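Chemist: Sequence plus predicted model, see below.
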Amino acid sequence: MIGSSAAMLAANVLTLPLAKAADRMLGPRGCLFTFHRAAPTAEWDKLPNRDFYVDIAFLDRFLAYLNAGGWDVVTVGEALRRSGGADNDSRYVNFSIDDCYRDSFEVVAPVFRRHNVPLTLFVTTGIPDGTLPLWSAGLEDALLKRDSVMVDGQIVKLSKAEERRKAYQRIASRWDGPDAARHHAAFCAANGIDMDAMHWKHAISWEMLEALAKDPLIEIGAHTINHARISSLAPEAALAEIEGSRTRLNERLGINVQHFAFPYGRSADCGPRDFALARRAGFLSAATTRKGLLRGGHDRFSLPRNTINGSHRSLGAMEMHLTGFTGTAARIAGRV
Ligand SMILES: [Zn+2]
């Protein structure tokens, strides 16, 4: 939930001067950001699962802020080069999108192009291949557009945005897990939703990825085939997910994918065995979603990344990541 603009202003007044003072002490460092989807402000407000989306106007403002503050926006490859000691007095950020929905192509890439800065896409290949059911997008779409839906034989009436958000949370938390696709299929049948059409309304396509792969500002990385929680798989299955997504992207797009991001990405989702598998699969790096900064000597197969949550729409909140405060706080609290 975002606060009032007065509260946001107060937070910025408090944190931005502190951040500037901290900047001088902290020196060279890299900060990797990640998010999933993006939407224009007017749409964002109504979305039943809006925390999953960055407000694109905010991202636009943040890119301008970084540029004015002397931060370089770089690819993961360049971030690794700098963290390895080259260009040692720089401050740099990377933005990556995980999974890849069609708004990566339609909404986000144009903004990065306008700022003339790179963007990394970690693609789950089951999305453009149409083999991974996008159940959360399908559920959200129905809850956003309809006055009522049928769930498990019961009618759920929907009018205010708040009701739609609560319904999303309630239903998604019940579906989440190995049976999510089955729940979604039953929901689509009960509500007359064309599952295939719904998939392509939200998925990125190979045609879009072909165009993006030709753009010098776009770096393409891999994010498994089926968005699997790697730590939960046996070694062969885990390697097949990691390596398979790289092979598919390389063959389909004629590129050499070098970077990987673990789905979910927290400590319980990927560990030392999985970092070693990413190396074995031929990647040069693998990213997690453990908060923190990139500094010299960091292990390249467990890179920290800071997730931009849709409701964190203040530059003050972003400065907390840029100074490393959120990473330190997460480690102290044991939320890694
Ligand atoms: Zn993901």
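Modeler: Received the coordinates, thanks. Residues are numbered from 1 along each chain as shown.
Chemist: Report the beta-bridge partner residues of whatever residue of the stretch 51-200 of the chain ends up closest to the ion.
Modeler: Scanning the stretch 51-200 of the chain for the residue nearest the ion gives residue 98, at 3.8 Å (criterion: Cβ to the ion). All C-beta spots, glycine's among them, are computed from the backbone N, C-alpha and C. Bridge pairing for residue 98 (DSSP bridges) gives the partners residue 122.
Chemist: quick one: it and residue 36 touch, right?
Modeler: Yes - taking Cβ atoms under 8 Å as the definition, residue 98 is a contact partner of residue 36 at 5.8 Å.
Chemist: So if I had to pick from these two, which one is more boxed in?
Modeler: Per other Cβ atoms under 10 Å, whichever of residue 98 and residue 36 has more neighbours is residue 98, with 26 against 20.
Chemist: Could you verify my assumption that residue 208 touches residue 105?
Modeler: Yes - the criterion here is Cβ under 8 Å, and residue 208 meets it with residue 105 at 4.1 Å.
Chemist: Residues of this structure that sit close to the ion?
Modeler: When proximity is defined by Cβ under 5 Å from the ion, the chain lies next to the ion at 98, 99, 263.
Chemist: ok, now with 6 Å
Modeler: 98, 99, 223, 227, 263 (Cβ under 6 Å from the ion).
Chemist: I'd say the fourth one and residue 131 touch.
Modeler: Same thing as residue 227. No - here residue 227 lies out of contact with residue 131, judged by Cβ under 8 Å, at a distance of 10.9 Å.
Chemist: So those two - more neighbours on which side?
Modeler: In this view residue 227 and residue 131 are compared by other Cβ under 10 Å, and residue 227 has more residues nearby, 18 against 11.
Chemist: The one residue sitting closest to the centre of the chain and residue 278: what is the separation?
Modeler: Relative to the mean C-alpha position of the chain, the nearest C-alpha, by Cα atoms, centre = their mean, is the one of residue 35, at 2.7 Å. With distances defined as Cβ to Cβ, to the nearest Å, the gap from residue 35 to residue 278 amounts to 21 Å.
Chemist: Which element, helix or strand, includes residue 94?
Modeler: Using DSSP states H and E, residue 94 maps to strand 91-99.
Chemist: For the helix or strand following that strand, what is the distance to the chain centroid?
Modeler: Sequence order places helix 102-103 as the next helix or strand after strand 91-99, per DSSP H and E. Between the mean C-alpha point of helix 102-103 and the mean C-alpha point of its chain there is a distance of 13 Å (Cα atoms, centre = their mean, to the nearest Å).
Chemist: So what touches helix 102-103?
Modeler: 37, 38, 39, 201, 202, 203, 204, 205, 208 (Cβ atoms under 8 Å, 6 or more residues apart in numbering).
Chemist: Of the residues you listed, which is the nearest to the ion?
Modeler: After measuring those against the ion - Cβ to the ion - the closest member comes out as residue 37, at 10.9 Å.
Chemist: wait, doesn't the closest one sit right on residue 101?
Modeler: Yes - at 5.3 Å, residue 37 and residue 101 qualify as touching, with contact defined as Cβ under 8 Å.
Chemist: which one of these two has more residues nearby?
Modeler: When residue 37 is set against residue 101 and neighbours are counted by other Cβ under 10 Å, the residue ahead is residue 37, at 26 against 23.
Chemist: Not counting residues beside it along the chain, what's closest to the closest residue to the ion within the stretch 151-300 of the chain?
Modeler: Distances between the stretch 151-300 of the chain and the ion by Cβ to the ion are smallest at residue 263, namely 4.5 Å. Ranked by Cβ to Cβ, 6 or more residues apart in numbering and with sequence neighbours excluded, the top spatial neighbour of residue 263 is residue 227, at 4.8 Å.
Chemist: Tell me if the one you found really is in a strand.
Modeler: No - assessed with DSSP: H, G, I helix; E, B strand; the rest coil, residue 227 is coil; it does not lie in a strand.
Chemist: How about the contacts made by it?
Modeler: The contact partners of residue 227, by Cβ under 8 Å, 6+ apart, come to 99, 124, 126, 132, 263.
Chemist: What pLDDT does the model give the second one?
Modeler: Put plainly, it is residue 124. Model confidence at residue 124, given as pLDDT, is 98.
Chemist: Start at 16, not 1
Modeler: All right, first residue 16 from here; so that's residue 139.
Chemist: Can you list phi and psi of it for me?
Modeler: phi -90, psi 110 (degrees, to the nearest 10).
Chemist: how about low-confidence regions in this protein?
Modeler: 16-40, 101-103, 351 (pLDDT under 70).
Chemist: and it, what are its domains?
Modeler: Structural domains assigned to the chain are 41-146+219-348, 150-214, following automatic domain parsing.
Chemist: Touching stretch 58-66 from outside, list them.
Modeler: Residues external to stretch 58-66 that are found in contact with it (Cβ under 8 Å, 6+ apart): 54, 68, 70, 151, 154-155, 158-159, 176, 179-180, 182-183, 187, 324-326.
Chemist: element containing residue 334, please.
Modeler: helix 330-337.
Chemist: That helix packs against which elements?
Modeler: Judged by 3 or more Cβ pairs under 8 Å, 6 or more residues apart in numbering; DSSP states H and E, the packing partners of helix 330-337 are helix 20-41, strand 44-50, helix 71-83.
Chemist: That'll do, ta.
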